[in-house]
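In: need a 3D model of the following:
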Amino acid sequence: MSETGKSLKEIRKRRGLTQSELSTASGVSLSIIRKLEQGERESARLETLRKLAATLRVPTMRLSSGPNGEGPIVGTVERWEAVRHALERPPLDPELSDEAPTVAGVRQAFAKAEPLFQKSQYAKLAVVLPPLLRDAEALGDEGRPIRVRLMQLAGLLMVQTRQFDTAEVALSRALDDAADRLEGAATIHTQCWLLLRQGQLEAALDLAVRWSDETEPRMSRATPSELSTWGLTLLNVTAAAVRNSQPGQAADALRLAKAAAVALGREYKSETDAIRAFGPTTVHLKRTENAGVVDRPDVVLNLAERVPVSAIPPSSNRNRYELDIADALTRTGRYADGFGTLVSIQRAAPEWLPNQTYARTVLQRIVEGRRTLTPEMRQMAADIHLEL
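Out: Next comes the predicted model:
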């Protein structure tokens, strides 16, 4: 029997529940519970473990046997090979050039590439990022600020495409070069997300809490950059806590994040963070996400009515928000509407969607809820690597 199965059986019995009663209370199938406790399954998806943990009143990681992040999809390793080399291999024999890179030139090239990050245009980024990274490396100490920003974004891309080891390299280098705690916090945001994607919920929560303490400003004289940094760190706390079945801590962190957003009064993008913004809309997106995590599709749809998708600029945050809506629609039996939302995301971010396990989960629920599948549904399943 796996550690997950042992823990589940022990805690279930301590709570005085039968397998059938736990299944009814948690919404997890009796078959999965039996297979876990009998050792026929080593573990389960984090969503399943969270449901069981929430019912048993323990942190999710009490039922987890360790990191279980899903790896990259087919073709990812080959596509990003040049980027990985630029991140991981030191320049052993730099090429001589009459036109050495300059800070101004690299900064200008970065500005041109930044919209590609916002729109998740991976094919183009895989081409433009390696020379950018090499040029930033060649700048030495003078190019440290732009190099930190590039490493932050490279780490973000590696997390998005589930290349976790390479993400660690990029984020570690960005943190090592950070000039102050605000610049460091911009890297920690992605580090927390990396840990969440790997299923390391307690590690993510500990890291987020530590940095929220480090970056908490004096509200009476806080700058917009300080408020934004603290607010984003609090959103890391709430994301990790809600997944680890610690609703009180998740609610407290979200409340403080809302206070920071109200103090800002608008969406604000800090100079120390290359891609993220923070403000009332960002807090709303996280509140919606949390509602989806705890299986409240009614709340997700209610919140979505307050901030329509069209009001949010294109970004991976917007894509995630739409996935939350698609998930809520399918959970309430509105399969056609849920699929329509998936189609909308695919049109806006065709390279981002296949990397999302969440998207496959939503489409699988649509497949299971319909008697027949349309050709468009079958095509999307192929596009996002869902086996029918």
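In: in the stretch 101-250 of the chain, what residue spans correspond to helices?
Out: Secondary structure of the stretch 101-250 of the chain (DSSP state H, counting those that start in this stretch): helices located at 103-118, 122-138, 144-160, 164-177, 181-197, 201-215, 224-243, 247-264.
In: buried stuff in the fifth one?
Out: Going back to what we said before, that points to helix 181-197. 182-197 (16 or more other Cβ atoms under 10 Å). Using the backbone N, CA and C atoms, a C-beta is placed for each residue, glycine as well.
In: go on, the shortest one?
Out: Using 16+ other Cβ under 10 Å as the burial criterion, the residues of helix 164-177 that qualify are 164, 166-167, 169-171, 173-175, 177.
In: so Ala277 touches Leu264, yeah?
Out: No: under the criterion of Cβ atoms under 8 Å, Ala277 makes no contact with Leu264, lying 10.0 Å away.
In: which residues do the two both contact?
Out: The contact sets of Ala277 and Leu264 overlap at Ser228 (Cβ atoms under 8 Å, 6 or more residues apart in numbering).
In: mind listing what Ala25 touches?
Out: 17, 55.
In: of the helices of the stretch 101-250 of the chain, which stretch is the most buried?
Out: Of all those, helix 224-243 carries the top mean neighbour count, a mean of 26, counting by mean count of other Cβ atoms under 10 Å.
In: can I get that one in CSV, CA atoms only?
Out: Taking Å, rounded to 0.1, in the frame of the first residue of the first chain, the C-alpha atoms of helix 224-243 are listed here in CSV:
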residue,chain,number,x,y,z
PRO,A,224,2.3,51.4,-5.4
SER,A,225,5.2,49.1,-6.2
GLU,A,226,5.3,47.9,-2.5
LEU,A,227,1.5,47.4,-2.4
SER,A,228,1.6,45.5,-5.7
THR,A,229,4.4,43.2,-4.6
TRP,A,230,2.8,42.5,-1.2
GLY,A,231,-0.6,41.9,-2.8
LEU,A,232,0.8,39.4,-5.3
THR,A,233,2.6,37.5,-2.6
LEU,A,234,-0.6,37.3,-0.6
LEU,A,235,-2.3,35.8,-3.7
ASN,A,236,0.4,33.1,-3.6
VAL,A,237,-0.5,32.4,0.0
THR,A,238,-4.2,32.1,-0.7
ALA,A,239,-3.6,29.9,-3.8
ALA,A,240,-1.5,27.4,-1.8
ALA,A,241,-3.7,27.5,1.3
VAL,A,242,-6.9,26.8,-0.5
ARG,A,243,-5.3,23.8,-2.3
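In: so which elements touch that helix?
Out: With contacts defined as 3 or more Cβ pairs under 8 Å, 6 or more residues apart in numbering; DSSP states H and E, helix 224-243 has these neighbours: helix 181-197, helix 201-215, helix 247-264, helix 280-293.
In: pull the distance from it to the chain's centre.
Out: 13 Å (Cα atoms, centre = their mean, to the nearest Å).
In: what angle separates that helix from helix 181-197?
Out: Here the directions of helix 224-243 and helix 181-197 differ by 20 degrees (axes from the mean of the first three to the mean of the last three Cα atoms, to 10 degrees).
In: circling back to that earlier point, got a markdown table for the helices and strands packed on helix 224-243, with mean pLDDT too?
Out: Shown next, in a markdown table, are the helices and strands packed on helix 224-243 (pLDDT from 0 to 100):
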| stretch | mean pLDDT |
| --- | --- |
| helix 181-197 | 94 |
| helix 201-215 | 97 |
| helix 247-264 | 97 |
| helix 280-293 | 97 |
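In: reformat those helices as TSV; add distance to Leu87.
Out: Below are these laid out as TSV (distance: least, Cβ to Cβ, whole Å):
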stretch	distance to Leu87
helix 181-197	14
helix 201-215	21
helix 247-264	31
helix 280-293	28
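In: who wins for proximity to Ser270 among the ones you listed?
Out: Closest of the helices and strands packed on helix 224-243 to Ser270 is helix 181-197, at 7.1 Å (criterion: Cβ to Cβ).
In: now tell me what touches the closest one from outside.
Out: By Cβ under 8 Å, 6+ apart, helix 181-197 touches 69, 148, 151-152, 155-156, 159, 162, 164, 167-168, 171, 174-175, 178, 201, 203-204, 207-208, 211, 214-215, 225-226, 229, 232-233, 236, 239-240, 243, 270, 272-274, 276.
In: CA atoms only: put that helix into CSV for me.
Out: Extracted in CSV, the C-alpha atoms of helix 181-197 (Å, rounded to 0.1, in the frame of the first residue of the first chain):
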residue,chain,number,x,y,z
ARG,A,181,13.4,42.2,-1.9
LEU,A,182,10.8,43.7,-4.3
GLU,A,183,12.8,42.4,-7.3
GLY,A,184,13.3,39.1,-5.5
ALA,A,185,9.6,38.8,-4.8
ALA,A,186,8.8,39.0,-8.5
THR,A,187,10.8,35.8,-8.9
ILE,A,188,9.2,34.2,-5.8
HIS,A,189,5.7,34.6,-7.4
THR,A,190,6.8,32.1,-10.2
GLN,A,191,8.7,29.9,-7.7
CYS,A,192,5.5,29.4,-5.7
TRP,A,193,3.6,28.6,-8.9
LEU,A,194,6.3,26.1,-9.8
LEU,A,195,5.9,24.4,-6.4
LEU,A,196,2.1,24.3,-6.8
ARG,A,197,2.4,22.7,-10.3
